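Enquirer: Sequence first, predicted model second:
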Amino acid sequence: MKKIIDIEKWIRKEHFEWFSNFDEPFFGIVSEVDCSFAYAKSKKNNIPFYHNYLHKSLKAVNLIEEFRLRIEDDKVVLYDQINASATLNNSDNLYAMSFIEYHEDLMQFSKNVNIEEQRVRKIKGLGVSENTARKDVIHYSSVPWFKITGLSHARNYKYKDSVPKITFGKFETIGNKKIMNISINGHHGLMDGSHVANYLNTFQDLLNC
């Protein structure tokens, strides 16, 4: 479900109109999160760590209104629920697109991820579909081979994209902590740095519990 935002009465009206005229309206921020507790809990409960932190990330996204805003036919809409379109390993030893429905319960969400992982492992190519092209998603990807210090995404400027992109970088042990860095890219007409900070703080809180 979604609702249309009345742009004329919207507090972000000028910001939205200003940045929507940019060739590149997306901005990006790189930060890091402490995954120590979440990693230990995943091992204890025999849940893949990726499933756990992806679930926590989506939960944080769904708690923050700005991450649920999208642009459709020049209108701004607010979705009730945001899901994941993540890149997963496919049969070509490359990657393909997926659609993972969000569920508040971690165990059910983990089952959803498992189903998509098994499906994607059997396909060739990118696996683009109506589901992977949905706008009620976050575009997730992982680059576990290196630490992110800056990141830009391949984009088609002819397509008016407004879906945030979240990329997880290398997971490493620093002292007695498990640290993972993360890149967040969002449409500046829909969100600002303060909203990314809100997401990061919420994500960290969820990783800690």
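Expert: It's in.
Enquirer: which residue ranges form the strands in this structure?
Expert: 2-4, 26-34, 69-72, 75-79, 83-89, 95-97, 137-142, 165-174, 177-187 (DSSP state E).
Enquirer: relative orientation of the fifth one and strand 165-174 in degrees?
Expert: Counting by axes from the mean of the first three to the mean of the last three CA atoms, to 10 degrees, strand 83-89 lies at 60 degrees to strand 165-174.
Enquirer: Find the nearest non-adjacent residue to P144, please.
Expert: K170 (5.8 Å; CB to CB, 6 or more residues apart in numbering). Using the backbone N, CA and C atoms, a C-beta is placed for each residue, glycine as well.
Enquirer: Model confidence at the one you found, what's the number?
Expert: As summarised for this prediction, K170 has a pLDDT of 95.
Enquirer: Would you agree it is in contact with K147?
Expert: Yes: the pair K170 and K147 qualifies as a contact (CB atoms under 8 Å) at a distance of 4.7 Å.
Enquirer: who touches both of the two?
Expert: Jointly contacting K170 and K147 under the rule CB atoms under 8 Å, 6 or more residues apart in numbering are N181.
Enquirer: Redo the strands of the chain as JSON lines? Include mean neighbour count.
Expert: Formatted as JSON lines, the strands of the chain follow (neighbours: other CB atoms under 10 Å):
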{"stretch": "strand 2-4", "mean neighbour count": "12"}
{"stretch": "strand 26-34", "mean neighbour count": "17"}
{"stretch": "strand 69-72", "mean neighbour count": "20"}
{"stretch": "strand 75-79", "mean neighbour count": "17"}
{"stretch": "strand 83-89", "mean neighbour count": "21"}
{"stretch": "strand 95-97", "mean neighbour count": "21"}
{"stretch": "strand 137-142", "mean neighbour count": "20"}
{"stretch": "strand 165-174", "mean neighbour count": "17"}
{"stretch": "strand 177-187", "mean neighbour count": "20"}
